[in-house]
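[1] My questions concern the predicted model and sequence given below.
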Amino acid sequence: MMDEFEVNIQVPAPELQSDIISVAGLASLLDRAKEGLLERVKELQAEQEDRALRSFKLTITVDPKYHPKIIGRKGAIITQIRNEHEVNIQFPEKNDENQDQITITGYEQNAVAARDAIQAIVNELDEMILEDITLDSRVHARIIGARGKGIRKIMDEFKVDVRFPQNGASDPNLVTVTGRPERVDEAIDHLLNLEEEYISDAVENEAKMAYMKPSGSSASSVEEPRGPSKGFVVREAPWTTGNEKAPDMSSSEEFPSFGTPVAAAKSSPWGPKRF
């Protein structure tokens with residue numbers, strides 16, 4: 001401000017707790033600098049009042065089991081409430097004494113509106129029911145789909161939550177559906193129809209796998225290791241019983257026809273010659 005108004009401004013040290021500011025400069029510039037200072041004071045006071053208004057705080061009591069539903073997948077629901085009402089919403093930490101207290105901070109009217117939005121979600125959750133159904137585990141993977149795409153589509157369509165059993169569960173066929181009563185009934189009917197549609201394919205695939213699987217005897221015979229081949233062995237030949245040597249197959253003396261090549265008869269293109 002000193003550069004803007006071309007004056008010297010002295011502000012007292014905080015420990016003096018003084019509300020007097022000294023302005024020194026040309027007389028023609030002092031009035032303009034004074035007006036600028038007073039305007040700046042008004043701005044600071046307005047900001048201070050605004051901070052006080054934005055610091056309004058209220059708490060809402062919500063059963064901790066509903067907190068994940070209020071937060072939403074990847075924080076989508078609570079982020080929407082925060083942005084829509086311009087408030088800060090704080091959930092309790094794990095070591096907090098009051099695990100059911102949610103704190104909302106912001107302008108009073110905005111905080112109240114955010115509280116009402118959260119309460120509306122809680123009221124809807126209170127009306128929801130939880131129902132278990134038996135769904136053949138052989139069709140679970142197909143209903144869930146690649147990366148959960150299939151089951152997410154079902155949950156979005158019927159506005160329900162569907163939970164499949166974990167690996168090693170005592171009942172691998174037990175599926176839990178949560179939502180409003182009418183939505184749960186519709187979702188269960190849809191899941192049972194899918195089971196009826198997919199189970200025939202599952203049975204057919206199992207039959208194919210059983211047919212293609214080798215039997216125990218054939219598998220063992222295939223897997224049995226074989227020793228090196230001994231080749232062709234001549235037994236009880238004259239040279240094996242006496243002192244005679246084995247015949248030399250390449251010798252022309254012992255096997256003349258083997259040693260002397262015989263030329264193949266040339267054929268005439270007009271057929272064989274007649275004599």
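    Thanks, I have the structure now.
[2] what mean pLDDT does stretch 23-36 have?
    Per-residue pLDDT over stretch 23-36 has a mean of 78.
[3] In three-state terms, label residue 77 for me.
    helix (DSSP: H, G, I helix; E, B strand; the rest coil).
[4] Contacts only, for residue 107.
    53-54, 56, 86-87 (CB atoms under 8 Å, 6 or more residues apart in numbering). Yep, even glycine has a C-beta here, placed from its N, CA and C like the rest.
[5] one more time with 7 Å, if that's ok
    Counting by CB atoms under 7 Å, 6 or more residues apart in numbering, residue 107 makes contact with 53-54, 56.
[6] for residue 173, same thing?
    Taking CB under 7 Å, 6+ apart as the criterion, residue 173 is in contact with 134-137.
[7] swap in residue 12?
    With contact taken as CB under 7 Å, 6+ apart, residue 12 is in contact with 18, 20.
[8] can you tell me which helix or strand it belongs to?
    Applying DSSP states H and E as the criterion places residue 12 outside every helix and strand.
[9] ranges for the strands of the stretch 51-200 of the chain?
    56-61, 88-90, 101-106, 129-134, 161-163, 174-179 (DSSP state E, counting those that start in this stretch).
[10] Neighbours of the closest residue in space to residue 153 that isn't next to it in sequence, how many?
    Using CB to CB, 6 or more residues apart in numbering and skipping residues adjacent in sequence, the residue nearest residue 153 is residue 145, 7.7 Å away. Counted with other CB atoms under 10 Å, residues neighbouring residue 145 total 13.
[11] Quick one: distance of stretch 57-73 to the chain centre.
    Remark: stretch 57-73 is offset 24 Å from the chain centroid, using CA atoms, centre = their mean, to the nearest Å.
[12] try stretch 142-150
    Mean C-alpha position of stretch 142-150 versus that of the full chain (CA atoms, centre = their mean) differs by 11 Å.
[13] Same question for stretch 134-146.
    For stretch 134-146, the distance to the chain centre is 18 Å (CA atoms, centre = their mean).
[14] Out of the helices and strands in the protein, which is least certain?
    Lowest mean confidence among the helices and strands of the chain (mean pLDDT, DSSP states H and E): helix 216-223, at a mean of 50.
[15] what about the nearest residue to residue 198 once chain neighbours are set aside, distance to residue 205?
    Once flanking residues are discounted, residue 198 sits nearest to residue 139: 4.1 Å by CB to CB, 6+ apart. Distance, residue 139 to residue 205, using CB to CB, to the nearest Å: 11 Å.
[16] pLDDT weak spots in the stretch 151-275 of the chain?
    207, 213-275 (pLDDT under 70).
[17] Just give me the neighbour total for residue 139.
    When neighbours are defined as other CB under 10 Å, residue 139 has 19 of them.
[18] Surely it and residue 193 touch.
    No - here residue 139 does not reach residue 193: they are 11.1 Å apart, not a contact under CB atoms under 7 Å.
[19] So residue 159 sits against residue 184, correct?
    No - using CB under 7 Å, residue 159 makes no contact with residue 184, being 9.6 Å away.
[20] List the contacts of the residue nearest to residue 198.
    Here residue 139 is in contact with 194-195, 198-199, 202 (CB under 7 Å, 6+ apart).
[21] rewinding a little: what values do phi and psi take at the residue nearest to residue 153?
    phi 80, psi 170 (degrees, to the nearest 10).
[22] Retrieve the pLDDT associated with it.
    95.
[23] still on that earlier bit, may I ask which of the contacts of residue 139 has the most neighbours?
    residue 195 (21 neighbours).
[24] Quickly list the domain ranges of the protein.
    2-52, 56-126, 129-212 (automatic domain parsing).
[25] so how far is the shortest one from its chain's centroid?
    Computed by CA atoms, centre = their mean, the chain-centroid distance of domain 2-52 equals 58 Å.
[26] helices or strands next to the helix ranked longest in the chain in the packing?
    Secondary structure of the chain per DSSP state H: the longest helix is helix 181-212. Applying 3 or more CB pairs under 7 Å, 6 or more residues apart in numbering; DSSP states H and E, we find helix 181-212 packed against strand 129-134, helix 140-144, helix 149-158, strand 174-179.
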